[in-house]
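Asker: Below are the sequence and a predicted model for it; my questions follow.
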Amino acid sequence: MSRTGIAIHRFRYLYTAISTIPPSSSSSSFAFTRFQFQCPQQYLTRPFPFHSSHYSSSAPKQPSDFPSGDFDFEPIAGWKQYLVKLRLLMAFPWERLRYGTVLSIKLRGQISDQLKSRFSPGSSLPQICDNFVKAAYDPRVSGIYLHIDILNCGWAKVEEIRRHILNFRKSGKFIVAYVPSCREKEYYIACACDEIYAPPSAYFSLYGLTVQAPFLRGVLENLGIEPEVERIGKYKSMGDQLTRRTMSEEHHEMLTALLDNIYTNWLDKVSSARGKKREDIENFINEGVYQVDRLKEEGFISDIIYDDEVIARLKERLGVKTDKNLSMVDDRKYSAVRKSTLGLSGGKELIAIIRASGNIRRIDSPLSSSSSGIVGEKFIKKIRSVRESKKYKAVIIRIDSPGGDALASDLMWREIKLLAASKPVIASMSDVAASGGYYMAMGAGVIVAESLTLTGSIGVVTGKFNFGRLYEKIGFNKEIISKGRYAEVRAAEQRPFRPDEAELFSKSAQHAYKQFRDKAAFSRSMTVDEMEEVAQGRVWTGKDAASHGLIDAIGGLSRAIAIAKLKANIPKDRQVTAVELSKSSPTVLEILSGLGNSVAGVDRTIKDVLHDCTFSNGVQARMDGIVFENLEGYPYANPILALIKDYLGSP
């Protein structure tokens, strides 16, 4: 195949990903299907047979009714202190540290909500948060040196990290930040620290926030590709990227509201942290200041010094001689220190934590990595094992997903609902729990989200591409022999829908949407009309979702655990042990990468596209593919750039 032919071939697969930023897209022909689980009308007026006995169908509790889960630092004293010292003396070699050690944490790039193996690249939010907690109680750790560089994650994870910084400061230990490159997210974390340092050549760009919505209709027309999309919900803008050239009024309204919420929150938190008026912060941003010395003059940073100078100051603070090395431990190595070694082992009651991160698909694929996305089959198996186990008092489903396959979402919802019938289930949302991600959360008894979690998007989208004109351009032909009136609905990609096919396609999408909406209404103790007001495919921040009844409480994982204890009738002051059930096993590629070897492989974007083209063939409950600059931060967000990169890199 020629180089041009290869590019066209890749384009054909890539178009299906264009509406699904971030990656792990929908199929090349969003072929029509039906949900397997029917929702009879009588279920809308009476409880489901498997409705949890732990939760009534009355109106959801207000956030004030739930425990906050706030961190209270209580120094270890008395005989427990001697026990900890004994454990530290008997600790494994890789757990041993000098007294006066500084924990060095690097926040950079993508931060996963999933637990990572030792050899996996990148940072893991649960391990970062655990390190903050352990360092607060570890008598050997004097403080934290936090390196912050450009982040590639959503605002909910940023909020969780910031909360742990503030919690750590309650221990009385110092935490200083070093920011060589800084935008709004990085500064949002840094301003929670005691001191902020930057080198003279630092890149600062505190210019404000933007949201982008790419539209590919013109590109598709030039290539002879006609998208036929059925989207249900006036705010469900996923299909707009393929069928429109500009934003609709509803799309613009939704994105403006999201942007306003996030920008307002940033101004409020930063002004409070720096002791300034909100108007002063906003005026400073609008000046377009990039000079580091101006940042120091205005009190945005503590000083302008290099990394080695920061370390010299830390040595002076800790009384270390200038000719001696400062004892430091990096966050990856410190992750090996067990909580039990520090006397933080928890109680006898166990709460299971099941993490669900990434795009949703129904079955696994040989093209995907072991930790790629949410595989319905695997997730259901894990849920059933927890349901059958008597050792767990409650379960937390930690969700970080923009959605995906609607059938898989429904099947997982069913299993979560069955689990909630036997023990308390709390949904804890990270950066995003929208569409299929929110569908999963609906099965839980209580839903907790960060104030900036992107949630809701109760709607569906389905469609196919008509490649007729493209096939004519490249000289390709395809003939179909079929039996059955609608047999060619999925197969005929060289022509548009016939009127009767288009009608069936539309009815199928409407049916899927009604099931999603009606189950959401029952789950949130609303009427269908009330749910329709907040559904329609609209994405909300966690704060607005709470005010509209889509979630129950604002907070992170710690609040979800506190609520789980309440629902399981565990006394508030009694310690529990949170058991992670989503630990990933390292693949050979991850191990080689972790050892520093160069590993050749398939580009992630193309691999995910090929996977979904092969295995996803149904209605999609997926959040629209808007690109939030400094808001979402998903990697590989621009499929066009990803294609160009792959094309130029091909032999």
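Answerer: Yep, that arrived.

Asker: so what does the helix or strand containing Lys519 touch, helix or strand wise?
Answerer: Following DSSP states H and E, one finds Lys519 within helix 499-523. If contacts are counted by 3 or more Cβ pairs under 8 Å, 6 or more residues apart in numbering; DSSP states H and E, helix 499-523 sits against strand 226-232, helix 406-420, helix 436-441, strand 460-466, helix 528-534. Quick note: C-beta positions are derived from backbone N, CA and C, even for glycine.

Asker: now with 6 Å?
Answerer: Using 3 or more Cβ pairs under 6 Å, 6 or more residues apart in numbering; DSSP states H and E as the contact criterion, the elements in contact with helix 499-523 are strand 226-232, strand 460-466, helix 528-534.

Asker: right, so these: which one is the most enclosed?
Answerer: With neighbours defined as mean count of other Cβ atoms under 10 Å, the helices and strands packed on helix 499-523 peak in mean count at strand 460-466, which reaches a mean of 27.

Asker: what does that one rub up against?
Answerer: For strand 460-466, contacts defined as Cβ atoms under 6 Å, 6 or more residues apart in numbering pick out 29-30, 225-232, 236, 238-239, 406, 496, 509, 512-513, 619-621.

Asker: and what of stretch 374-392?
Answerer: 350, 352, 354, 356, 358, 360, 362-364, 395, 401, 408, 411-412, 415, 419, 422.

Asker: Any of those buried? List them.
Answerer: Burial by neighbour count, 16 or more other Cβ atoms under 10 Å: within the contacts of stretch 374-392 this picks out 350, 352, 354, 356, 358, 360, 362, 364, 395, 401, 408, 411-412, 415, 419, 422.

Asker: coming back round to it: now the angle from the helix holding Lys519 to strand 226-232?
Answerer: Going by axes from the mean of the first three to the mean of the last three Cα atoms, to 10 degrees, helix 499-523 is angled at 30 degrees with respect to strand 226-232.

Asker: average pLDDT across helix 499-523?
Answerer: The average pLDDT for helix 499-523 rounds to 92.

Asker: likewise stretch 547-565?
Answerer: 96.

Asker: what's the spacing between it and its chain's center?
Answerer: 16 Å (Cα atoms, centre = their mean, to the nearest Å).

Asker: circling back to that earlier point, just flag the most distant two among the buried ones among the contacts of stretch 374-392.
Answerer: Using Cβ to Cβ, the pair of the buried ones among the contacts of stretch 374-392 lying farthest apart is Leu350 and Arg362, separated by 29.7 Å.

Asker: coming back round to it: give me the subset of the contacts of stretch 374-392 lying in helices.
Answerer: Within the contacts of stretch 374-392, residues falling in helices by DSSP state H are 408, 411-412, 415, 419.

Asker: Could you dump these into a markdown table with pLDDT and distance to Val141 added?
Answerer: As requested, the ones in helices among the contacts of stretch 374-392 are exported to a markdown table (pLDDT from 0 to 100; distance: Cβ to Cβ, whole Å):
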| residue | pLDDT | distance to Val141 |
| --- | --- | --- |
| Ala408 | 94 | 43 |
| Leu411 | 95 | 45 |
| Met412 | 97 | 40 |
| Glu415 | 97 | 41 |
| Leu419 | 97 | 38 |
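
Asker: Tyr187: which of the residues you listed is nearest?
Answerer: Distances from Tyr187 to the ones in helices among the contacts of stretch 374-392, taken by Cβ to Cβ, are shortest for Met412, at 37.3 Å.

Asker: wait, doesn't Arg87 sit right on Thr341?
Answerer: Yes: if you go by Cβ atoms under 6 Å, Arg87 and Thr341 touch, sitting 5.1 Å apart.

Asker: For the two, indicate the residue with more neighbours.
Answerer: Applying other Cβ atoms under 10 Å to Arg87 and Thr341 shows that Thr341 carries more neighbours, namely 19 against 16.

Asker: How much space separates that one from Leu452?
Answerer: From Thr341 across to Leu452, the span is 35 Å (Cβ to Cβ, to the nearest Å).

Asker: in what helix or strand does the residue lying closest to Asp500 once chain neighbours are set aside lie?
Answerer: In space, and not counting its chain neighbours, Asp500 is closest to Arg485: 7.3 Å by Cβ to Cβ, 6 or more residues apart in numbering. Remark: Arg485 resides in no helix or strand, with elements defined by DSSP H and E.

Asker: Quick check, pLDDT for Arg485.
Answerer: 91.

Asker: Give me the neighbour count for it.
Answerer: The number of residues packed near Arg485 is 11, by other Cβ under 10 Å.

Asker: Kindly list the main-chain dihedrals of it?
Answerer: Dihedral angles of Arg485 (phi, psi; degrees, to the nearest 10) stand at phi -60, psi -40.

Asker: roughly how far apart are it and Lys507?
Answerer: Look at Arg485 and Lys507: by Cβ to Cβ, they are 14 Å apart.

Asker: What of Cys182?
Answerer: Going from Cys182 to Lys507 by Cβ to Cβ gives 51 Å.

Asker: again, but for Gly233
Answerer: Distance, Gly233 to Lys507, by Cβ to Cβ: 16 Å.

Asker: So which of these two has more stuff around it?
Answerer: Neighbours per residue, other Cβ under 10 Å: of Gly233 and Lys507, the larger number sits with Gly233, 22 against 12.

Asker: tell me the contacts of the more buried one?
Answerer: Gly233 sits next to 459, 536-537 when contact means Cβ under 6 Å, 6+ apart.

Asker: Gly403 too?
Answerer: 360, 434-437, 621-623.

Asker: Adding distance to Val133, write those out as JSON lines.
Answerer: Formatted as JSON lines, those follow (distance: Cβ to Cβ, whole Å):
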{"residue": "Ile360", "distance to Val133": "31"}
{"residue": "Ala434", "distance to Val133": "29"}
{"residue": "Ser435", "distance to Val133": "33"}
{"residue": "Gly436", "distance to Val133": "31"}
{"residue": "Gly437", "distance to Val133": "27"}
{"residue": "Ala621", "distance to Val133": "35"}
{"residue": "Arg622", "distance to Val133": "34"}
{"residue": "Met623", "distance to Val133": "31"}
